[in-house]
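Enquirer: could you look at this predicted model? Sequence included:
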Amino acid sequence: MKHLAALVAAVAATFTAGAGICRAADGDPVHGAQIYQRCLACHSLEHNRSGPRHCGLFGRSAASLPDFDYSRAMKASGFTWDEATLDRFLENPLKTVPGTKMAYAGVKKPQERADLIAYLKKATLDPEVCK
Amino acid sequence: MSILTPQAVPATPLVAPVRRSFLSGLGKFTLSATAIALLAGQERLALVGSAEAKTPNNDVAILNAALGAEQEAIAAYQVGANSGLLQKPVLALAVQFQGHHKEHAAALAATVKKLGGTPVEAKKTYTFPVEKLKTQADVLGFAAELEKGAVSAYLGAVPILDDRDLAKVAASILGDEAMHWAVLRNALGQNPVPTAFLS
């Protein structure tokens, strides 16, 4: 019985720790806005630049803006942009989509990616910017 | 919003002459595969060796991405120069910084060619948020934003360039653009160097 109690306690502790990890992965859009400054040499929310615009990003198929010249690799990626695909791509763009024009080492820290994605989720739907 | 056309953004009128003679003579140099050239007594630009150098296509893609951003920066500074919002000392500074970006772009394009790649062309049109640029401070803030982004872009490029000499040159450009950022922030009355580390 003691063993069972210990097991239950261990499982409970594991779930608690897991919940903590989930909370840590929740993004902070305010910090994400600061991280987005790293992107501004090539991207903006509302205009295509060296990279495609971000307004309307979530739920959009990769390489689907008609007025942007994507790499063949991105066209073939089959991605639809959501939290998971963005997290994967932003961690290491060149490894995730070899041949992408986004020649950038990536956002390596999971929390920074979470923050950036949280910012993008809000900002790319901002009606004042994304008209 | 304003769409810039090649007519709206002439190639050079407000820009200090860019010394390109070092490029015209590229073929005359004999360099080791990944040599850094220090030309005219100044750190100028990277020259890499022949296309069969060890540098893989990955580096060409990275350099082309940087080239695209530099071309856009050149166009953005032209917007600032043409805006009529920049007073004389600031205008001269903007033109100087644009000249640096032109030198970066020329060096990157030459390097891509040397590696057997095709340099990306400047876009025929660029779209900038001109409607938000009402004052000199707006223009400086926009430029500072681009320069900070450029610093981050080079920070993201340096560690993934396979050729360490190319990485060194990319870091050199990064340093120049960080100085631009600091000067622009200072002109805006902001702390020019707000952090010990950049990201």
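Expert: Cool, the structure landed. The structure displayed is predicted, hence computed values, not measured ones. Numbers count the residues shown, from 1 in each chain, chains lettered A, B, ... in the order given.

Enquirer: so where is chain A shaky, pLDDT-wise?
Expert: For chain A, the stretches with pLDDT under 70 are A:1-25.

Enquirer: so where do the helices sit in it?
Expert: A:2-25, A:29-36, A:72-75, A:83-91, A:93-96, A:110-123 (DSSP state H).

Enquirer: do chain B as well
Expert: Under DSSP H, chain B gives helices at B:21-24, B:57-82, B:88-114, B:136-157, B:164-187.

Enquirer: okay, these in CSV with distance to residue A:116, mean neighbour count and mean pLDDT next?
Expert: Where C-beta positions appear, they are placed from N, C-alpha and C, glycine not excepted. Output for those, formatted as CSV (distance: least, Cβ to Cβ, whole Å; neighbours: other Cβ atoms under 10 Å in any protein chain shown; pLDDT from 0 to 100):
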stretch, distance to residue A:116, mean neighbour count, mean pLDDT
helix B:21-24, 38, 14, 30
helix B:57-82, 19, 23, 94
helix B:88-114, 26, 20, 96
helix B:136-157, 12, 23, 96
helix B:164-187, 20, 19, 97
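
Enquirer: switch those helices over to TSV; also include distance to chain A.
Expert: TSV is the format used below for the helices of chain B (distance: least, Cβ to the nearest Cβ, whole Å):
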stretch	distance to chain A
helix B:21-24	22
helix B:57-82	4
helix B:88-114	11
helix B:136-157	3
helix B:164-187	9
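
Enquirer: what's the neighbour count on residue A:122?
Expert: The number of residues packed near residue A:122 is 13, by other Cβ atoms under 10 Å in any protein chain shown.

Enquirer: find the nearest non-adjacent residue to it, please.
Expert: residue A:29 (5.1 Å; Cβ to Cβ, 6 or more residues apart in numbering or on different chains).

Enquirer: thought that neighbour was touching residue A:126?
Expert: No - look at residue A:29 against residue A:126 with Cβ atoms under 8 Å: they stay out of range, at 11.0 Å.

Enquirer: more neighbours: those two, which one.
Expert: residue A:29 (16 against 12).

Enquirer: contact partners for the residue nearest to residue A:122?
Expert: By Cβ atoms under 8 Å, 6 or more residues apart in numbering or on different chains, the contact list for residue A:29 reads A:115, A:118, A:119, A:121, A:122, A:123.

Enquirer: got it, and residue B:129?
Expert: Counted by Cβ under 8 Å, 6+ apart, residue B:129 has contacts A:44, A:46, A:47, B:1, B:142.

Enquirer: by neighbours, which of the contacts of residue A:29 wins?
Expert: Among those, residue A:115 has the most neighbours (other Cβ under 10 Å), with 24 neighbours.

Enquirer: residues contacting it?
Expert: Residue A:115 makes contacts with A:27, A:28, A:29, A:31, A:32, A:35, as judged by Cβ under 8 Å, 6+ apart.

Enquirer: from residue A:127, how far off is the first one?
Expert: Spelled out, that is residue A:27. 21 Å (Cβ to Cβ, to the nearest Å).

Enquirer: higher neighbour count, these two?
Expert: Using other Cβ under 10 Å as the criterion, residue A:27 and residue A:127 rank with residue A:27 on top: 22 against 7.
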